[in-house]
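Q: give me coordinates for this.
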Amino acid sequence: MKAIYRKELKSYLTSMIGYLFMAFILFLFGLYFTAINIQQAYPEIGYALGNASFVFLIAVPILTMKVISEEKKNKTDQLLLTAPVKLEGIVLGKYLALITIFAIPVGIISLYPVMLAMHGTISYPMAYTSVLGFFLLGAAYISIGVFLSSVTESQVIAAVLSFVVLFFCYMESAIAEFFPESAEGSLFSFIVLIALVCLWIGSMIKNIVVTGILAVCAEGALLAVYFVKSSLLEGKIQDFFEIFNLSSHLNNFVNGMLDIQGIIYFLSVIVICIFLTIQSLQKKRWN
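A: Got it, this is the predicted structure:
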């Protein structure tokens, strides 16, 4: 894992992608910091961090688009898969290299509360809780980008997929409003979602029988709930979409709360995405 980590970190530090990623985050945060904290004399950087969090929609896809897809395109993934290194080590090495690149601008941002303290009184706990939330949100977004990079050989497709998924997570609340809260609306939405998930699982396991049984059981259970007590499905599609609302978990950190639930949520997203990435590569190993 250490060799993979050093190789990936060096590749980002000797190319423009890593520096563009860091510069973009610092530039955008600097704009909000100037407008909110300096011009308006606001003493906390959390509000600036919250507004600047949309930078991940653009920066993360660019940073992660080649992390695994490039290996597939150049066929160098075969060397990694046949090397005496566990897949977990390969994926973690690549992911930790990306987190290191992300940690550099976050470390610089951590100096901003000290700068503000030179000109007034600030709450250090509130400031650094906001920085922690910003870091965890970025780490979760990066894990999503790494997973989506593992499902295609094209860097462009990986970047587009990452942007679409991260945009959905960022705009989840607004998107959920387009779906009716009625039981019928939730039923139809879940039928489509289950079908899509089963299609994805089928493409992974290449077993039509297992996929068909899974789809029939899931759709059957959903219909059973609807016909037995349809009220249980009212508003459930909105509740389901709320699971993917990563940005909402940043709010408590911005307000100075050390949200343990939020920390567990972000770490869960990271673990799940790393696991899915490993499974995606595992499928490639046995094909």
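Q: could you verify my assumption that V60 touches I142?
A: Yes: with contacts counted by CB atoms under 8 Å, V60 reaches I142, the gap being 5.7 Å. Every residue, glycine included, has its C-beta placed from N, CA and C.
Q: the more surrounded of these two?
A: V60 (27 against 24; other CB atoms under 10 Å).
Q: contacts only, for the more buried one.
A: G138, Y141, I142, I144, G145, S162, L166 (CB atoms under 8 Å, 6 or more residues apart in numbering).
Q: of those, which belong to helices?
A: G138, Y141, I142, I144, G145, S162, L166 (DSSP state H).
Q: can you lay out those residues as CSV showing pLDDT and distance to T100?
A: Converted to CSV, the ones in helices among the contacts of V60 look like this (pLDDT from 0 to 100; distance: CB to CB, whole Å):
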residue, pLDDT, distance to T100
G138, 92, 12
Y141, 93, 15
I142, 94, 11
I144, 93, 18
G145, 91, 15
S162, 89, 19
L166, 88, 20
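Q: what's the farthest-apart pair in these?
A: G138 and S162 (13.1 Å; CB to CB).
Q: tell me the pLDDT at V165?
A: Predicted confidence (pLDDT) for V165: 88.
Q: give me the number of residues near it?
A: By other CB under 10 Å, neighbour count at V165 equals 18.
Q: name the nearest residue to it, ignoring sequence neighbours.
A: In this structure, V165 finds its nearest non-sequential neighbour in I144, 6.0 Å apart by CB to CB, 6 or more residues apart in numbering.
Q: can you check I194 too?
A: Distances taken as CB to CB, 6+ apart place A218 nearest to I194, at 4.8 Å, with adjacent residues excluded.
Q: tally of neighbours for the one you found?
A: Neighbour tally, A218, other CB under 10 Å: 17.
Q: next SSE after whichever strand or helix holds it?
A: In the assignment (DSSP states H and E), A218 maps to helix 208-228. Downstream of helix 208-228, the next assigned helix or strand under DSSP H and E is helix 236-242.
Q: what comes into contact with that next one?
A: Contacts for helix 236-242 (CB under 8 Å, 6+ apart): E172, I175, A176, F179, E181, G185, S186, S189, F190, L193, S248.
Q: where does the second one fall, secondary structure wise?
A: Mapping I175 onto the secondary structure by DSSP H and E places it in helix 172-176.
Q: list the helices and strands that helix packs on?
A: helix 236-242 (3 or more CB pairs under 8 Å, 6 or more residues apart in numbering; DSSP states H and E).
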